[in-house]
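Fold the following.
(one chain, ligands or ions: 1)
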Amino acid sequence: MLRLRFRINDIFLLYYALSHPELLKSKRWDQEIKKIRQSSPHGYDAIAKNLDWSWRSALAEANSPKDSSIWLNKVTKESEAIFKHGLGAPEFKKIREETQVHLQEVQMEWDKESSKALKILEDIIRMPLPSKTIEVLMVHPKLRGGFHLAGHNPKIVWGHKEEWPKYHIVYLCHELLHILFNPDNDINQEILHALIELATDNELRIRLHGKGRYFYVGKKYIGHDYLKPFVKNIFPAWERYLSNKKINLKELAKKLTTKK
Ligand SMILES: [Zn+2]
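Numbering: from 1, shown residues only. Have a look, this model is predicted:
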């Protein structure tokens with residue numbers, strides 16, 4: 001059985017709060033960041049503005065400011081000081097507490113709905129989900145985290161306000177599919193991502209709600225703008241896939257990739 005383990009990694013949460021203060025809209029946090037920038041301007045920019053994906057994945061494994069400095073030594077020598085400062089800030093404690101409350105909300109929804117949702121998901125993709133535990137690193141809901149960290153120990157990063165019922169379930173399943181299908185050189189990444197949107201943001205959402213329509217919740221288009229042309233392109237093939245159950249989602253993704 002596939003399980004999710006929800007947790008907070010303080011270092012990763014802090015890194016994310018340092019990089020996206022505009023989303024937190026907290027004057028106190030802005031002031032704290034100002035102080036950090038004054039003492040380590042280059043270090044702050046290296047961490048908060050220019051950190052690439054592999055370093056982010058490394059930070060998700062760090063357990064202390066010292067760990068962060070081992071990982072980020074090549075990026076900046078100041079990371080230990082920056083993370084120490086941030087962890088000690090009263091405003092960060094507040095961010096962390098609110099993230100903990102959010103974790104409990106998301107976990108409760110997952111515990112309640114996931115066995116049903118995962119069954120539907122397996123039915124949609126026509127593949128068994130692996131029996132393993134995947135870690136979900138929670139961030140503050142205002143930070144709108146929703147992505148996965150690839151690598152030998154892939155993780156989901158999640159923290160978002162619930163925009164409609166079962167929002168967390170649908171998007172956790174979306175990220176799960178990214179992890180399940182990644183990386184595969186035989187599959188075009190945009191086509192794959194468009195299929196993940198069709199399978200989770202749309203089909204899974206509608207089956208979980210027992211109602212709804214593709215692409216819109218209320219008046220709002222859901223899904224990435226940059227994927228719109230891909231989604232449009234493959235939609236007829238997707239409809240055929242749903243009615244004709246001969247191949248699974250991976251096979252469909254490969255088929256659509258070679259057709260291109
Ligand atoms: Zn995605």
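
For the closest residue to Asn188 other than its chain neighbours, pull up the helix or strand it's in.
Nearest residue to Asn188, sequence neighbours excluded (CB to CB, 6 or more residues apart in numbering): Thr257, at 4.3 Å. Using the backbone N, CA and C atoms, a C-beta is placed for each residue, glycine as well. Following DSSP states H and E, one finds Thr257 within helix 249-259.

Any idea how far that helix is from the middle of the chain?
With CA atoms, centre = their mean, to the nearest Å as the basis, helix 249-259 stands 24 Å off its chain's centre.

average pLDDT for that helix?
Mean pLDDT, helix 249-259: 93.

now what about it, what contacts it?
124-127, 181, 184, 186-188, 191-192, 195, 199, 234, 237-238, 241, 247 (CB atoms under 8 Å, 6 or more residues apart in numbering).

Show the buried residues in these.
Buried by 16 or more other CB atoms under 10 Å: 124-125, 181, 187-188, 191-192, 195, 199, 234, 237-238, 241, out of these.

Just give me the least confident of the residues you listed.
Lowest pLDDT among the buried ones among the contacts of helix 249-259: Phe181, 90.

What sits closest to that residue if chain neighbours are left out?
Leu192 (5.8 Å).

ok, that neighbour - contacts?
Phe181, Asp184, Ala253.

Could you verify my assumption that Glu78 touches His42?
Yes. Counting by CB atoms under 8 Å, His42 is a contact partner of Glu78 at 7.2 Å.

So the two - more neighbours on which side?
Glu78 (20 against 12; other CB atoms under 10 Å).

so who does that one touch?
Here Glu78 is in contact with Ser40, His42, Gly43, Tyr44, Ala46 (CB under 8 Å, 6+ apart).

all helices of the stretch 1-150 of the chain, in order?
10-19, 21-24, 27-39, 41-44, 53-59, 65-72, 79-88, 90-125 (DSSP state H, counting those that start in this stretch).

before we move on, the earlier item: please report how far the residue nearest to Phe181 lies from Ala199.
10 Å (CB to CB, to the nearest Å).

swap in Val170?
Applying CB to CB to Val170 and Ala199 gives a distance of 10 Å.

Now the buried members of the contacts of Glu78.
Buried, going by 16+ other CB under 10 Å: Ser40, Gly43, Tyr44, Ala46, out of the contacts of Glu78.
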